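# Let's see this in three dimensions:
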Amino acid sequence: MSNAPTPLHILLIHQAYVSLGEAGGTRHAEMAQHLVEQGHRVTVIASPISYLTGRESLPEIDSANAALKVIRAPALRSLHRNFIMRLLNFFSFMISSFFVGLRVRKVDLIWGTSPPLFQAFSAWLLSIFKRKPFVFEVRDLWPDFAVAIGVLSSRPLIIASEWLESFLYKRADQLLVNSPGFVNHVKQHGGQKIAMIPNGADPTMFHPEDRGDDFCRQNNLQGKFVVLYAGAHGLSNDLETVLEAAFLLKKKPKIAIVLLGDGKDKPSLIQKAQELDLFNLHFLPALPKSKMATALSAADACLAVLKNIELYKTVYPNKVFDYMAAGRPVILAIDGEIRKVIEKAGAGYFSPPGDSKEMAAKILAMAENPALSKKMGMAGRLYLEQHFARKDLAAQMQLLLEETAANT
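Model prediction:
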């Protein structure tokens, strides 16, 4: 007699869902693909507006797989204009995703995620209407992060957001966090049944032995020690420190720093780089996850950087795990939980957040000892394979969702 669980139909509400054909974090696309491969169905309700650029996102691209369906719910297009318009964008998706979700039939479990919190409210409300369990995944500590970086300063809005946060924590049938640094916060704000499934990466997507010759040739990086940052160019990312480090390294022409990605701060960063005549700094457009292996293969070292804010010590940034999977050493300008991972793995150097002189020194140290840099990169890949491989994390997610559906 088979003990296989009954196939589930899982409804995921995720405004910023990113498929493998788009730029950005693909945790949910990879998790959804695993669930489908194991016999489940996944319907995703996402925004048509790219969270990274504020522009129209790709149309539905998963229609070839009937078990994985992405539905685009309408949202206001003014995502990056200002904070008020950003909130209106979130509210518009909250409302539209709820009504779109009502039309999705025969659902067994509702999976909500934040940020932003508002889409998780839609997921909870759908779980009430459909009388199905609600799994709430906390991917950052909103609204605390928004307050810390100064984008949320209105006291009434802060109070309302904190109330909504606790409301959702207390009503989730299962809470899920992607960093150990989030657990205490969620408990202190009313959460009880909490699981931790961290961010990670799929090592089979990356090939450490590749050297990215074509990528280097296409972007005039031949013969350079390439230091690559891949990710958002936004308020949290502190790329001004990277520009300052590049300025300090101008007398080292063999070192090239590459900022690959997009975001609302990219135009101002380009302007500042031009003013500083940073010939050693290269801006490249964002790439879909399916092409990231090519870019990372061209890197000799990779940068991960966030602003020097206490709360950022709690995070597990996606990009760090991609760097490790690619077998590239990490220069980590983020303290806290992710620093523990890099140091335990022996996968790179820590540079204090906001310290451009130390960042420049760490880049130079890697450039002057490429053999050690390569050794650190491969140590990081081995550690990721052992502790943060996506297939293992996806199996944990599958079990969690199956057990929640069966026991609620």
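# what are the ranges of the strands in this structure?
In the chain, strands defined by DSSP state E lie at 9-13, 41-46, 68-72, 109-114, 134-138, 174-177, 194-196, 225-230, 255-260, 281-284, 301-305, 330-333, 348-350, listed in chain order.
# Worst mean pLDDT among the ones you listed?
When those are compared on average pLDDT, strand 68-72 comes out lowest at a mean of 93.
# related to what we said a few turns ago, any chance of the strands of the chain in JSON lines, with distance to Phe388 and mean neighbour count too?
Heads up, the C-betas are built off the backbone N, CA and C, glycines and all. Output for those, formatted as JSON lines (distance: least, Cβ to Cβ, whole Å; neighbours: other Cβ atoms under 10 Å):
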{"stretch": "strand 9-13", "distance to Phe388": "22", "mean neighbour count": "24"}
{"stretch": "strand 41-46", "distance to Phe388": "22", "mean neighbour count": "23"}
{"stretch": "strand 68-72", "distance to Phe388": "23", "mean neighbour count": "19"}
{"stretch": "strand 109-114", "distance to Phe388": "19", "mean neighbour count": "26"}
{"stretch": "strand 134-138", "distance to Phe388": "17", "mean neighbour count": "26"}
{"stretch": "strand 174-177", "distance to Phe388": "15", "mean neighbour count": "24"}
{"stretch": "strand 194-196", "distance to Phe388": "12", "mean neighbour count": "17"}
{"stretch": "strand 225-230", "distance to Phe388": "17", "mean neighbour count": "24"}
{"stretch": "strand 255-260", "distance to Phe388": "22", "mean neighbour count": "24"}
{"stretch": "strand 281-284", "distance to Phe388": "26", "mean neighbour count": "19"}
{"stretch": "strand 301-305", "distance to Phe388": "14", "mean neighbour count": "26"}
{"stretch": "strand 330-333", "distance to Phe388": "13", "mean neighbour count": "27"}
{"stretch": "strand 348-350", "distance to Phe388": "15", "mean neighbour count": "22"}
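# As JSON lines, those strands with distance to Asp210 would be great.
Formatted as JSON lines, the strands of the chain follow (distance: least, Cβ to Cβ, whole Å):
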{"stretch": "strand 9-13", "distance to Asp210": "33"}
{"stretch": "strand 41-46", "distance to Asp210": "31"}
{"stretch": "strand 68-72", "distance to Asp210": "29"}
{"stretch": "strand 109-114", "distance to Asp210": "33"}
{"stretch": "strand 134-138", "distance to Asp210": "33"}
{"stretch": "strand 174-177", "distance to Asp210": "34"}
{"stretch": "strand 194-196", "distance to Asp210": "33"}
{"stretch": "strand 225-230", "distance to Asp210": "13"}
{"stretch": "strand 255-260", "distance to Asp210": "16"}
{"stretch": "strand 281-284", "distance to Asp210": "18"}
{"stretch": "strand 301-305", "distance to Asp210": "15"}
{"stretch": "strand 330-333", "distance to Asp210": "18"}
{"stretch": "strand 348-350", "distance to Asp210": "19"}
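# Regarding this structure, what is its longest helix?
The longest helix of the chain (DSSP state H) is helix 83-102.
# and that one, what does it pack onto?
If you count contacts as 3 or more Cβ pairs under 8 Å, 6 or more residues apart in numbering; DSSP states H and E, helix 83-102 packs onto strand 9-13, strand 41-46, helix 117-130.
# Quick one: the ones you listed as a markdown table, columns for distance to Gln33 too.
Listed next are the helices and strands packed on helix 83-102 as a markdown table, based on distance: least, Cβ to Cβ, whole Å:
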| stretch | distance to Gln33 |
| --- | --- |
| strand 9-13 | 12 |
| strand 41-46 | 9 |
| helix 117-130 | 20 |
